[in-house]
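Trainee: this is the structure alone, sequence omitted:
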């Protein structure tokens, strides 16, 4: 089996992967030392391969990459003959390292008086800054590194307006000064209420969408100096309006709903969801939205017992049969998407699901793009 290595081109951390990118020895870059990795087959991006290539690492960063380049005098040479080097993956949607939101107790109420100075609805928490809740998790980082990831976009996974996220390099040998790539990498929203409050409204999907619309209208009104009082939630929403706007929607119909809401408030959201987009692919394409796509395809149902078979309905069987084709069909339709491991029991299930998608037509280059260059594009990291 060929040796395969994963090199994180953004932060130059080193990670290993499995199966399609098999787990093998890594090549470590050392700060303040020039390292030359030679004689490798290097995939710099999907579809671009450098044979017998060399990577020059200086101060922990790539300074040069190519074939036939001159190795600097005094460089530490590491011969990678027989190895394939790929860019490591970027997880576009996670709550890595985030403090768990504290669930509120007591009965329902209209407003938490301790939040005076914030938006009237406690499920709107645009003032949350991921950095305030972040603590690097080495154990979880190792799981992601082993799965092939080199960076992760993380945020406080709580609330309808969730505040800003951050981009973190997965590096168990460094410190936060090296790990934090962007302190504010996006503005996050969802259709899920916050667990930090018992406020009753909204109680439905319709109410949630109405609240999101009204919040954005209020933020626009507030930004024009129309309010005599300060609202820290609206101020945070206004301050983050130029960041990539990401909303967790879920199924195909909610993808269409949040895109319509975005059109109403003048925003083009990056939408997390669409695992069943294959059922409404033309409508999804018409939104022109980029997706962050879960690949938590359902496992096969156990129908060896005829009595259990009765509990599996036709819709579930159709989903099990068709869901792995979703990434391929989205690619064929020209829909822009990045793949997320969100919804998987563990990051080590990523390759298993990717293989299923490849069996349904997804190419290795399409898969690699959805885990690397598409993530960069969707998250506006360039």
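Mentor: Ah, there it is. Not measured: the values here are computed from a predicted model.
Trainee: my read is that residue 198 contacts residue 106, right?
Mentor: Yes. In this structure residue 198 lies within contact range of residue 106 using CB atoms under 8 Å: 5.7 Å. To be clear about C-beta, it is placed using only N, CA and C from the backbone, and glycine gets the same treatment.
Trainee: which one's more surrounded, the two?
Mentor: residue 198 (17 against 6; other CB atoms under 10 Å).
Trainee: overlap of the contact sets of residue 198 and residue 106?
Mentor: Common contacts of residue 198 and residue 106 (CB atoms under 8 Å, 6 or more residues apart in numbering): none found.
Trainee: is residue 178 within a helix or a strand, and which one?
Mentor: helix 176-179 (DSSP states H and E).
Trainee: wait, is residue 330 part of a strand?
Mentor: No. Secondary structure of residue 330 (DSSP: H, G, I helix; E, B strand; the rest coil): helix, not part of a strand.
Trainee: which strands and helices sit next to whichever strand or helix holds residue 350?
Mentor: Secondary structure assignment for residue 350, by DSSP H and E: helix 350-359. In terms of contacts (3 or more CB pairs under 8 Å, 6 or more residues apart in numbering; DSSP states H and E), helix 350-359 is packed against helix 326-333, helix 364-371.
Trainee: 10 Å instead, please
Mentor: Judged by 3 or more CB pairs under 10 Å, 6 or more residues apart in numbering; DSSP states H and E, helix 350-359 is in contact with helix 326-333, strand 337-340, helix 364-371.
Trainee: in it, what's buried?
Mentor: 350, 351, 353, 354, 356, 357, 358 (16 or more other CB atoms under 10 Å).
Trainee: which positions in the helix or strand that residue 43 is a member of come out as buried?
Mentor: For residue 43, the host element (DSSP H and E) is strand 35-45. Neighbour counts over strand 35-45 (16+ other CB under 10 Å) mark 35, 36, 37, 38, 40, 41, 42, 43, 44 as buried.
Trainee: thinking again about what came up before, take the helices and strands packed on helix 350-359 and write them to TSV, including mean neighbour count, mean pLDDT and distance to residue 209.
Mentor: Shown next, in TSV, are those (neighbours: other CB atoms under 10 Å; pLDDT from 0 to 100; distance: least, CB to CB, whole Å):
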stretch	mean neighbour count	mean pLDDT	distance to residue 209
helix 326-333	20	98	24
strand 337-340	27	98	23
helix 364-371	22	96	28
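Trainee: re the thing from before, who does the strand holding residue 43 touch, helix- and strand-wise?
Mentor: strand 3-7, strand 48-58, strand 61-67, strand 76-79, strand 83-87, helix 364-371.
Trainee: how far does stretch 181-199 stretch from one end to the other?
Mentor: Using CA to CA, to the nearest Å, the end-to-end distance of stretch 181-199 comes to 35 Å.
Trainee: now it: mean pLDDT?
Mentor: For stretch 181-199, mean pLDDT rounds to 96.
Trainee: please apply the same query to stretch 73-87.
Mentor: Mean predicted lDDT for stretch 73-87 stands at 92.
Trainee: distance from that stretch to the middle of the chain?
Mentor: Distance of stretch 73-87 from the chain centroid (CA atoms, centre = their mean, to the nearest Å) equals 29 Å.
Trainee: buried residues, that stretch. List them.
Mentor: Buried residues in stretch 73-87 (16+ other CB under 10 Å): 75, 78, 80, 83, 84, 85, 86, 87.
Trainee: about what we covered before: got the angle for the strand holding residue 43 vs strand 61-67?
Mentor: 70 degrees (axes from the mean of the first three to the mean of the last three CA atoms, to 10 degrees).
Trainee: distance of residue 157 from residue 351?
Mentor: Look at residue 157 and residue 351: by CB to CB, to the nearest Å, they are 24 Å apart.
Trainee: then residue 270?
Mentor: On the measure of CB to CB, residue 270 and residue 351 end up 25 Å apart.
Trainee: before we move on, back to that, residue 177 is nearest to which of the helices and strands packed on strand 35-45?
Mentor: strand 61-67 (14.5 Å; CB to CB).
Trainee: what comes up buried for that closest one?
Mentor: Buried-residue list, strand 61-67, by 16+ other CB under 10 Å: 62, 65.
Trainee: show me what it is packed against.
Mentor: So strand 61-67, by 3+ CB pairs under 10 Å, 6+ apart, packs with strand 35-45, strand 48-58.
Trainee: which one, of those, ends up nearest to residue 264?
Mentor: Nearest of the helices and strands packed on strand 61-67 (CB to CB): strand 35-45, 36.5 Å.
Trainee: what's the closest non-adjacent residue to residue 362?
Mentor: residue 328 (4.3 Å; CB to CB, 6 or more residues apart in numbering).
Trainee: pretty sure that neighbour sits against residue 335.
Mentor: No. Between residue 328 and residue 335 there is no contact under CB atoms under 10 Å: 11.2 Å.
Trainee: within the sheet, what are the partner strands of the strand holding residue 43, with directions?
Mentor: strand 48-58 (antiparallel), strand 76-79 (parallel), strand 83-87 (parallel) (DSSP bridges).
Trainee: quick one: which of those is nearest residue 284?
Mentor: strand 83-87 (27.4 Å).
Trainee: give me the angle between the following helix or strand past the closest one and helix 350-359.
Mentor: Downstream of strand 83-87, the next assigned helix or strand under DSSP H and E is strand 89-94. Here strand 89-94 points in a direction 100 degrees away from that of helix 350-359 (the same axes, to 10 degrees).
Trainee: check which residues of the helix or strand following strand 89-94 are buried.
Mentor: Remark: after strand 89-94, the chain's next helix or strand is helix 138-146, criterion DSSP H and E. Across helix 138-146, burial judged by 16+ other CB under 10 Å covers 140, 141, 143, 144, 145, 146.
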